[in-house]
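A.B. asks: my questions are about this predicted structure, shown below with the sequence.
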Amino acid sequence: MDQADQQDVAASLRGDGRAYERLVRRHQQQIAARMWRFTHDRTDLEELVHDVFVEAYLGLGGYKGHGPFAHWLNRIATRVGYRFWKRRTREAEHTVSLGDWDPPAVSGAAPLEAEQAQGLLRGLLGRLPPRDRLVLTMMDLEEMPVAEVAEHTGWSVTMVKVQAHRARKKLRALLESSGLSERLRDRESAS
């Protein structure tokens, strides 16, 4: 193990914040290069590097010093990166890219199951502007009356109705362009 790392680990365990800062500075570029393999987004990269060093700090007492500190950090980095990928995969499963849909291939396909339809609609709702998403969520998913939506948003009752009408129109256009509206109609008629 590098002598400087060994001294800084020992000092960090005694509560010396500057010693841990030196460890971070010494290894930050290497960890950033490793995390770049998990994401090419600068914001995500910074967050991942931060997560590695926080996790390392919290687990510093478990570092036995049998190998180089950099190897120990790399193991932590790998776990952090893997969790990041798993989280992104789960998030991607709940979103739908309209570019992924080929309307001719969708038309005539089997009706959607309820869970599939919900997931696809959530993805489409995510493509709407926040105001539209808000009003549709409150009125149609949470089944709030117009007056209650107005109270929660600070909009007038008329504004809620207008916003809901416009939002539904936008959602309908998204459904039509994706080819999902036909499959949803097939599901309703099968019920």
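C.D. replies: Yes, it's here.
A.B. asks: now tell me which helix or strand of the protein has the poorest mean pLDDT.
C.D. replies: Every helix and strand in the chain was compared by mean pLDDT, DSSP states H and E; the lowest is helix 103-106, with a mean of 42.
A.B. asks: helices of the chain, residue ranges please.
C.D. replies: Assigned by DSSP state H, the chain shows helices spanning 3-13, 17-35, 42-58, 69-93, 103-106, 114-125, 130-136, 146-153, 157-178, 180-190.
A.B. asks: now the ones you listed as CSV including mean neighbour count?
C.D. replies: C-beta here means a position set from N, CA and C on the backbone, and glycine is covered the same way. CSV is the format used below for those (neighbours: other CB atoms under 10 Å):
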stretch, mean neighbour count
helix 3-13, 16
helix 17-35, 16
helix 42-58, 16
helix 69-93, 15
helix 103-106, 11
helix 114-125, 16
helix 130-136, 17
helix 146-153, 15
helix 157-178, 16
helix 180-190, 15
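A.B. asks: least reliable of these going by mean pLDDT?
C.D. replies: Among these, helix 103-106 carries the lowest mean pLDDT, at a mean of 42.
A.B. asks: break the chain into its domains for me.
C.D. replies: 3-93, 98-190 (automatic domain parsing).
A.B. asks: chain center to the first one, what's the gap?
C.D. replies: Okay, so that is domain 3-93. Put simply, domain 3-93 sits 21 Å off its chain's centre (CA atoms, centre = their mean, to the nearest Å).
A.B. asks: what about the residue in the chain sticking out farthest from the centre, distance to R26?
C.D. replies: Using CA atoms, centre = their mean, the residue of the chain lying farthest from its centre is Q3. It sits 40.0 Å away. Per CB to CB, to the nearest Å, Q3 is found 12 Å from R26.
A.B. asks: again with V157
C.D. replies: Separation of V157 from R26 (CB to CB): 62 Å.
A.B. asks: how about M144?
C.D. replies: 55 Å.
A.B. asks: and if you look at R18?
C.D. replies: As defined by CB to CB, R18 lies at a distance of 13 Å from R26.
A.B. asks: same question for D41.
C.D. replies: 25 Å.
A.B. asks: pretty sure Q7 contacts A19?
C.D. replies: Yes. Under the criterion of CB atoms under 8 Å, Q7 is in contact with A19, at a separation of 7.5 Å.
A.B. asks: check what pLDDT S156 gets.
C.D. replies: With respect to pLDDT, S156 scores 92.
A.B. asks: can you tell me the closest non-neighbouring residue to it?
C.D. replies: With sequence-adjacent residues excluded and distances taken as CB to CB, 6 or more residues apart in numbering, S156 is closest to A150, at 6.2 Å.
A.B. asks: would you mind measuring from that neighbour to D8?
C.D. replies: Taken as CB to CB, the span from A150 to D8 is 59 Å.
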